[in-house]
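Peer 1: Have a look at this fold, sequence not included:
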């Protein structure tokens with residue numbers, strides 16, 4: 001029975017340490033701040049033709065460099081001639097498989113359109129509606 005006061009003192013000392021640690025943590029821990037989500041920004045909607053060149057298509061903006069003014073059809077398709085205005089210059093007559101500008105060639109000449117090859121991409125350039133009616 002001599003040990004009861006020693007055991008009681010030890011248990012009370014442990015309780016005092018636990019209580020002191022708990023209240024010290026309560027006192028020194030900063031308060032929890034609320035985290036606000038960032039405001040949503042409006043995302044721009046991509047244009048439908050923006051990825052056309054990725055999938056083998058063509059965009060209208062690049063076709064505007066070449067304007068088909070007229071077509072002269074021959075019985076032999078290789079002798080057909082297209083009248084093309086390139087990059088705002090005066091129109092020139094160019095045969096099928098001829099070069100319009102560096103890196104751009106006429107692949108095929110048809111009655112209402114021509115096919116150009118620019119950097120390996122085939123582009124279709126059509127006659128204006130007024131010229132088609134004639």
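Peer 2: Looks like it came in fine. Here the structure is a predicted model, which is why all the values come from computation and not from measurement.

Peer 1: okay, residue 64: pLDDT?
Peer 2: Residue 64 is assigned 49 on the pLDDT scale.

Peer 1: the strands in this protein, which residues?
Peer 2: Counting by DSSP state E, one finds strands in the chain at the ranges 66-72, 81-86, 92-95, 99-101, 104-109, 113-118, 121-126.

Peer 1: Residue 113 contacts residue 128, doesn't it?
Peer 2: No - contact criterion CB atoms under 8 Å: residue 113 and residue 128 do not qualify, at 11.0 Å. All C-beta spots, glycine's among them, are computed from the backbone N, C-alpha and C.

Peer 1: With neighbour numbers in mind, choose between the two.
Peer 2: Using other CB atoms under 10 Å as the criterion, residue 113 and residue 128 rank with residue 113 on top: 15 against 11.

Peer 1: Which residue lies closest in space to that one, excluding its sequence neighbours?
Peer 2: Leaving aside its chain neighbours, residue 113 sits nearest to residue 126 (4.4 Å; criterion: CB to CB, 6 or more residues apart in numbering).

Peer 1: now do residue 104
Peer 2: residue 118 (4.7 Å).

Peer 1: And that neighbour, how close does it get to residue 42?
Peer 2: Computed as CB to CB, to the nearest Å, the residue 118 to residue 42 distance reads 36 Å.

Peer 1: In terms of neighbours, single out the busier of these two.
Peer 2: residue 118 (17 against 5).
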